[in-house]
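*Asks:* coords below, sequence missing:
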């Protein structure tokens, strides 16, 4: 055991002296947390992240109904900006979101005429439909207010009738709560932090972890270990241990930053989450050792590491919640080690399915790590 600890300790010391490794280990994950968590801030709702979405309302002489539509838009997390028309800015760009309503629409509604409204947005594909639904909900709610206020009043529709309606307590109120297991598609930082954590652990181990082994082989350092008073098993175990420590540092720092900086909530089963991440670290350490044993050059190890890490991250649901993808892609995730890990983390963090739900995932990761370790041992060579 002394020889194993000696090799692992010196491998970790060498890795932590490399500037590139430190950057990808401690600096890049928080940057990706912020970027990915902000961009993908909602796949099932709450896409605005609690911030009102600005929208330009283009309508000339809107009349007294402006206040009611404004109210309903704000209820649906919009920040209306009423203008006579949507004009380009100094750079010639139209506003990002424009809701166009017929001119003088209040008088048209009072007269019983139809009013047209159209919504144009340059929002991303992820949020475009969500915005359209909220716009429709705002306008239909305002229409329901108009119909109700007009039916209750003997006078023509006016601002006073709408104000009286708004002041009353709604007779029907809808209370929404989860029945049984929580089924909320992870979004924002709840998706980004576990996903980037899983991806970067694999990326660092497949690049830095494998490249170091190739360099030691090319420089003859492994041949010197072969002549030392230690067995081949001790050498391989020490190399695996060093990569396991590197994975633990990656995961530990990411969890710490995610919790303290981004206020990540890890759910009620933190102990099982630690077990899942430990099993993932073991798999990554074995994968780094295997790639380092197969690669012939440092460039080959780094290139293949980046390729495999990004491919497995994309297919495993690290970049986006797999629950929003087609069925065939969700099935493909079940064949990926990244998929096993992300599925377990979603069960424990987002769905709160209980610790027992992640046991099959942990078993799959440990079996996968064992198989990859056996392959790495068989392919390990000193020169």
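*Replies:* Cool, the structure landed. From a predicted model like this one, the values you see are computed outputs, not experimental measurements.

*Asks:* residues touching the nearest residue in space to residue 205 that is not next to it in sequence, list them.
*Replies:* Excluding the flanking residues, the one nearest residue 205 by Cβ to Cβ, 6 or more residues apart in numbering is residue 288, at 3.7 Å. C-beta coordinates here come from the backbone N, C-alpha and C atoms, glycine included. Counting by Cβ atoms under 8 Å, 6 or more residues apart in numbering, residue 288 touches 205, 206, 208, 209, 210, 213, 243, 305.

*Asks:* Can you tell me which of these lies closest to residue 379?
*Replies:* Closest approach to residue 379 among the contacts of residue 288 (Cβ to Cβ): residue 213, at 10.9 Å.

*Asks:* Stretch 87-103 - what's its average pLDDT?
*Replies:* Throughout stretch 87-103, pLDDT has a mean value of 88.

*Asks:* on that earlier part again, okay, and the residue nearest to residue 205 sits in which element?
*Replies:* Per DSSP states H and E: residue 288 is located in helix 270-294.

*Asks:* Buried ones in that helix, by neighbour count?
*Replies:* For helix 270-294, burial by neighbour count (16 or more other Cβ atoms under 10 Å) applies to 272-273, 275-294.

*Asks:* For it, what does the pLDDT average out to?
*Replies:* Averaging pLDDT along helix 270-294 yields 94.

*Asks:* before we move on, the earlier item: and the residue nearest to residue 205, how far is that from residue 240?
*Replies:* Applying Cβ to Cβ, to the nearest Å, the value for residue 288 to residue 240 is 9 Å.

*Asks:* just residue 278 next, same as before
*Replies:* Counting by Cβ to Cβ - residue 278 and residue 240 are separated by 14 Å.

*Asks:* Of the contacts of residue 288, just say which sits nearest to residue 4.
*Replies:* Residue 4 lies nearest to residue 243 out of the contacts of residue 288, by Cβ to Cβ, at 12.6 Å.

*Asks:* For the closest one, which non-adjacent residue is spatially closest?
*Replies:* Using Cβ to Cβ, 6+ apart and skipping the chain neighbours, the partner closest in space to residue 243 is residue 285 (3.9 Å).

*Asks:* right, and the one you found touches residue 209 too?
*Replies:* Yes. If you go by Cβ atoms under 8 Å, residue 285 and residue 209 touch, sitting 7.2 Å apart.

*Asks:* got any residues that touch both of the two?
*Replies:* Residues touching both residue 285 and residue 209 (Cβ under 8 Å, 6+ apart) are 243, 246.

*Asks:* Regarding the residue lying farthest from the centre of the chain, what is its secondary structure?
*Replies:* Going by Cα atoms, centre = their mean, the residue of the chain most distant from its centre is residue 154, 53.9 Å out. Look at residue 154: counting by DSSP: H, G, I helix; E, B strand; the rest coil, its state is coil.

*Asks:* Can you report phi and psi for it?
*Replies:* phi -80, psi -20 (degrees, to the nearest 10).

*Asks:* So it versus residue 161, what's the distance?
*Replies:* Using Cβ to Cβ, one obtains 10 Å as the distance from residue 154 to residue 161.

*Asks:* Kindly report the same for residue 117.
*Replies:* From residue 117 to residue 161 the distance is 22 Å (Cβ to Cβ).

*Asks:* Could you confirm residue 120 falls within a helix?
*Replies:* No. Counting by three-state DSSP, residue 120 is not part of a helix but strand.

*Asks:* show me where pLDDT drops low in the stretch 51-200 of the chain?
*Replies:* Along the stretch 51-200 of the chain, the parts satisfying pLDDT under 70 run over 51, 124-126, 170-184.

*Asks:* Residues touching stretch 100-109, excluding its own?
*Replies:* 57-66, 69, 86, 114-120, 146, 157.

*Asks:* per-domain residue ranges of this protein.
*Replies:* Using automatic domain parsing, the domain parsing of the chain gives 2-42+184-379, 53-167.

*Asks:* and among these, the most buried is which?
*Replies:* domain 2-42+184-379 (a mean of 19; mean count of other Cβ atoms under 10 Å).

*Asks:* Might you calculate how far that one sits from the centre of the chain?
*Replies:* Domain 2-42+184-379 sits 17 Å away from the centroid of its parent chain (Cα atoms, centre = their mean, to the nearest Å).

*Asks:* now do the same end-to-end measure for it.
*Replies:* One end of domain 2-42+184-379 to the other measures 24 Å (Cα to Cα, to the nearest Å).

*Asks:* What segments of the stretch 1-150 of the chain are helices?
*Replies:* Using DSSP state H, counting those that start in this stretch, the helices of the stretch 1-150 of the chain run over 2-16, 19-22, 28-39, 65-75, 105-110, 125-152.

*Asks:* Distance to residue 258 added to those, as JSON lines?
*Replies:* Output for those, formatted as JSON lines (distance: least, Cβ to Cβ, whole Å):
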{"stretch": "helix 2-16", "distance to residue 258": "21"}
{"stretch": "helix 19-22", "distance to residue 258": "19"}
{"stretch": "helix 28-39", "distance to residue 258": "6"}
{"stretch": "helix 65-75", "distance to residue 258": "32"}
{"stretch": "helix 105-110", "distance to residue 258": "48"}
{"stretch": "helix 125-152", "distance to residue 258": "22"}
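
*Asks:* So which of those is nearest residue 340?
*Replies:* Across the helices of the stretch 1-150 of the chain, residue 340 has its closest neighbour in helix 28-39 (20.7 Å, Cβ to Cβ).
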